[in-house]
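*Asks:* pasting a predicted model and its sequence here:
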Amino acid sequence: MAATPPNPAASAPRRKVSRHRGEGQWAAGHFTPLNGNEQFKKDDDGLNVRTRIETIYAKRGFDSIDPNDLRGRMRWWGLYTQRRPGIDGGKTAILEPEELDDSYFMLRVRIDGGRLTTRQLRVIGEISQEFARGTADITDRQNIQLHWIRIEDVPEIWNRLEAVGLSTTEACGDTPRVIIGSPVAGIAEDEIIDGTPAIEEIHRRVIGNPAFSNLPRKFKTAISGSPLLDVAHEINDVAFVGVEHPEHGPGFDLWVGGGLSTNPKIGQRLGAWVPLDEVPDVFEGVLSIFRDHGYRRLRTRARLKFLVADWGAEKFRRVLEYEYLKRRLADGPAPAQPVERWRDHVGVHRQRDGRFYVGFAPRVGRVDGATLAKIADLAEAHGSGRVRTTVEQKMIVLDVTEEQVDSLVAGLESLDLTVQPSPFRRGTMACTGIEYCKLAIVETKARGSSLIDELERRLPDFDEPITINLNGCPNACARIQVADIGLKGQLVLDGDGNQVEGYQVHLGGALGLEAGFGRKVRGLKVTAEELPDYVERVLKRFAAEREDGERFAAWAARADEEALS
């Protein structure tokens, strides 16, 4: 084993930081809560609210819920109050929380690695139909969200989920959120390394563990050994990316400090190579740094990305090695550039065992409980007991024999779950939007679905990969800054001076090793009604002006503002 590394305080270069006040870091002895969120977490661990839900709130009803549980600790169990119907976007930032709250909840089912059995999927579908008015959305972090959940039904929902090995534990809150992973881990022919054992061990050690249930903010994790870079590793707090080390063989390249929202940052490589069996230890080390050194004074600066930006990659790696791992990490190579421009695994693909997996595209992640049950039935009828969700709001059926592929594809198509989607169906994502989200300003899901239809009708011959991401507010749950066309919901003025739903446009964002944020053209905003016209116009200009083989993001970066307007 390598020698203990030198003390980072002595060897790391000093960085000038202009802030002189304490940031609320526990490692600096700042344990006094500096805001309301830190206070309620100190008063009682969010994990403890489950007992109150089961013994008090589910029996006495919504009005019995303590406000700090309702808008705080219940998130530790995947529960958010949803938006009261009929409140327009102009009131989102004006009304008090109790005025925005409906008496129903969104419930997020945690699906680490996107891994589901058909039995689990069927149970989620049944819960949706019985308790959630049929709602179900696949998120861009591989979870499934349900709406219209009554507090009285939550204990029974938990019982049914846990009976098949699912949970909502720490699906939300200031916790280690779902661990996203390659949806074709362990089966893809071109896989560098299967990260599944690391995901399982991290889950066993960390999820529900009080040692890690009070973080400064949420903590997002990605682990994938796919050469397609299929987990958006650049925008996670910590990511392990499959690489082949010239001396040690397959393992993972370590990234930290990615994230979007209103202060987006691309994660930084630490230059460290991590073998599979050490991933859980390194993950725990990074998570512990965040817990101990993360900023707790201001919620707006409480994500790991701000600490990484202040420290730099070199200091972060040294602190990780010296204070937490007590050993050096091996240096390692960066991931190779992916050869595929689509990374969602949609289509029919051969597995390493000779069978096939079949990826398909729901509309902007929206399905329903009945459809989920039918997908489970179709998968089982065609020899599969396993399905996967992806970080692009798609799904995959695994383990299909060659003889069964055509029949499965036909069955999926009959459910409007296309295996050969247009670029618009394949590349359009949308967040929850104003229909249910209390932070949203505009509608997204229906808007995204209708935009797909319009673009398919207007541009039937367009065949370039294109990503169009719609978000209902500035928080970037739908990754607007890293889309070809990112649409941030806001209220805008129409031609008659009326305030209407619309979007600020970001153009030319991308993930992959050329990752970067989209360009904002000064004053470029479109109304929701004008959106199809605008996207059609820009895509036609791209098709006319692009150089041979040029991607949309590259064209958007060099195009003049008139071409983008």
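*Replies:* Yep, that arrived.
*Asks:* just give me the residue right at the centre of this structure.
*Replies:* Arg141 (3.3 Å; C-alpha atoms, centre = their mean).
*Asks:* reduced to three states, what does that one come out as?
*Replies:* Under the three-state scheme (DSSP: H, G, I helix; E, B strand; the rest coil), Arg141 adopts coil.
*Asks:* in contact with it, which residues?
*Replies:* With contacts defined as C-beta atoms under 8 Å, 6 or more residues apart in numbering, Arg141 is in contact with 177-178, 180, 220, 391. (Glycine included, C-beta is placed from N, CA and C.)
*Asks:* now those residues in CSV, with distance to Leu229 and pLDDT?
*Replies:* Shown next, in CSV, are those (distance: C-beta to C-beta, whole Å; pLDDT from 0 to 100):
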residue, distance to Leu229, pLDDT
Arg177, 20, 98
Val178, 19, 98
Ile180, 12, 98
Lys220, 16, 98
Val391, 11, 98
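*Asks:* top of those by neighbour count?
*Replies:* In terms of neighbours by other C-beta atoms under 10 Å, these top out with Ile180 at 30 neighbours.
*Asks:* so it belongs to a strand, correct?
*Replies:* Yes. Counting by three-state DSSP, Ile180 falls inside a strand.
*Asks:* so how far is Pro250 from it?
*Replies:* Computed as C-beta to C-beta, to the nearest Å, the Ile180 to Pro250 distance reads 20 Å.
*Asks:* need the next SSE after the helix or strand hosting Leu378, C-terminal direction.
*Replies:* Following DSSP states H and E, one finds Leu378 within helix 369-381. With elements assigned by DSSP H and E, the helix or strand that comes after helix 369-381 is strand 386-389.
*Asks:* starting from that following strand, tell me which strands it pairs with and how they run.
*Replies:* Applying DSSP bridges, strand 386-389 is found paired with strand 115-117 (antiparallel), strand 395-400 (antiparallel).
*Asks:* reformat the ones you listed as JSON lines; add distance to Val442, mean pLDDT and mean neighbour count.
*Replies:* Supplementary listing: these in JSON lines, determined by distance: least, C-beta to C-beta, whole Å; pLDDT from 0 to 100; neighbours: other C-beta atoms under 10 Å:
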{"stretch": "strand 115-117", "distance to Val442": "31", "mean pLDDT": "98", "mean neighbour count": "23"}
{"stretch": "strand 395-400", "distance to Val442": "26", "mean pLDDT": "98", "mean neighbour count": "25"}
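*Asks:* how about these, which one is nearest Leu493?
*Replies:* strand 395-400 (39.3 Å; C-beta to C-beta).
*Asks:* what's in contact with the closest one?
*Replies:* Here strand 395-400 makes contact (C-beta under 8 Å, 6+ apart) with 138, 183-184, 187, 345, 351, 355-360, 362, 375, 378-379, 382-390, 408, 412, 417.
*Asks:* can we see that at 7 Å?
*Replies:* 138, 183-184, 187, 345, 355-360, 362, 375, 379, 382-384, 386-390, 408 (C-beta atoms under 7 Å, 6 or more residues apart in numbering).
*Asks:* buried residues in the helix or strand that that strand is followed by?
*Replies:* Next in sequence after strand 395-400, counting helices and strands by DSSP H and E, comes helix 402-414. By 16 or more other C-beta atoms under 10 Å, the buried positions in helix 402-414 come out as 404-405, 408-409, 411-412.
*Asks:* now these in JSON lines, with distance to Leu260 and pLDDT?
*Replies:* Output for the buried residues of helix 402-414, formatted as JSON lines (distance: C-beta to C-beta, whole Å; pLDDT from 0 to 100):
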{"residue": "Gln404", "distance to Leu260": "39", "pLDDT": "98"}
{"residue": "Val405", "distance to Leu260": "37", "pLDDT": "98"}
{"residue": "Leu408", "distance to Leu260": "35", "pLDDT": "98"}
{"residue": "Val409", "distance to Leu260": "34", "pLDDT": "98"}
{"residue": "Gly411", "distance to Leu260": "36", "pLDDT": "98"}
{"residue": "Leu412", "distance to Leu260": "31", "pLDDT": "98"}
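*Asks:* identify the farthest-apart pair in these.
*Replies:* Gln404 and Leu412 (12.1 Å).
*Asks:* measure Gly385 to Thr118 for me?
*Replies:* From Gly385 to Thr118 the distance is 5 Å (C-beta to C-beta).
*Asks:* who's more crowded, these two?
*Replies:* Just comparing Gly385 and Thr118: by other C-beta under 10 Å the higher neighbour count belongs to Thr118, 20 against 14.
*Asks:* now the strands: where do they sit in the stretch 451-565 of the chain?
*Replies:* 468-471, 485-493, 499-507, 519-527 (DSSP state E, counting those that start in this stretch).
*Asks:* can I get the ones you listed in CSV with distance to Cys172, mean neighbour count and mean pLDDT?
*Replies:* CSV is the format used below for those (distance: least, C-beta to C-beta, whole Å; neighbours: other C-beta atoms under 10 Å; pLDDT from 0 to 100):
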stretch, distance to Cys172, mean neighbour count, mean pLDDT
strand 468-471, 18, 28, 98
strand 485-493, 21, 23, 96
strand 499-507, 26, 21, 96
strand 519-527, 30, 15, 89
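*Asks:* which of the contacts of strand 395-400 count as buried?
*Replies:* 138, 183-184, 187, 345, 355-360, 362, 375, 379, 382, 384, 386-390, 408.
*Asks:* list the buried residues for stretch 128-139?
*Replies:* So for stretch 128-139, counting by 16+ other C-beta under 10 Å, buried means 128-129, 131-132, 134-139.
*Asks:* okay, those in CSV with secondary structure, distance to Leu107 and pLDDT next?
*Replies:* Below are the buried residues of stretch 128-139 laid out as CSV (DSSP: H, G, I helix; E, B strand; the rest coil; distance: C-beta to C-beta, whole Å; pLDDT from 0 to 100):
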residue, secondary structure, distance to Leu107, pLDDT
Ser128, helix, 10, 98
Gln129, helix, 14, 98
Phe131, helix, 9, 98
Ala132, coil, 7, 98
Gly134, coil, 14, 98
Thr135, strand, 10, 98
Ala136, strand, 11, 98
Asp137, strand, 11, 98
Ile138, strand, 14, 98
Thr139, coil, 12, 98
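*Asks:* ok, Asp43 - how many residues close by?
*Replies:* By the criterion of other C-beta under 10 Å, Asp43 has 11 neighbours.
*Asks:* and what of the one 4 residues further on?
*Replies:* Taking other C-beta under 10 Å as the neighbour definition, Leu47 ends up with a count of 19.
*Asks:* how about the nearest residue to it, chain neighbours excluded?
*Replies:* Ser213 (5.1 Å; C-beta to C-beta, 6 or more residues apart in numbering).
*Asks:* pLDDT score for that neighbour?
*Replies:* Per-residue pLDDT puts Ser213 at 98.
*Asks:* look up how far Phe306 lies from it.
*Replies:* Ser213 is 21 Å from Phe306, by C-beta to C-beta.
*Asks:* again with Glu529
*Replies:* Distance from Glu529 to Phe306, by C-beta to C-beta: 38 Å.
*Asks:* neighbour-wise, which of the two wins?
*Replies:* Shown here are Glu529 and Phe306; by other C-beta under 10 Å, Phe306 has more neighbours (21 against 12).
*Asks:* let me know the pLDDT of that one.
*Replies:* Reported pLDDT for Phe306: 98.
*Asks:* what about stretch 143-162, distance to the chain center?
*Replies:* Relative to its chain's centre, stretch 143-162 lies at 21 Å (C-alpha atoms, centre = their mean, to the nearest Å).
*Asks:* just give me the neighbour total for Arg458.
*Replies:* Number of residues near Arg458 (other C-beta under 10 Å) recorded here: 15.
*Asks:* check contacts around it.
*Replies:* Applying C-beta under 7 Å, 6+ apart, the residues near Arg458 are Glu536.
*Asks:* least confident secondary structure element in the protein?
*Replies:* The helix or strand of the chain with the poorest confidence is helix 8-11; it has a mean of 45 (mean pLDDT, DSSP states H and E).
*Asks:* next structured bit after it?
*Replies:* Next along the chain after helix 8-11, with elements defined by DSSP H and E, is helix 36-43.
*Asks:* what comes up buried for the helix or strand that that next one is followed by?
*Replies:* Scanning forward in sequence from helix 36-43 by DSSP H and E, the next helix or strand is helix 49-52. Using 16+ other C-beta under 10 Å as the test for burial, helix 49-52 gives 49-50, 52.
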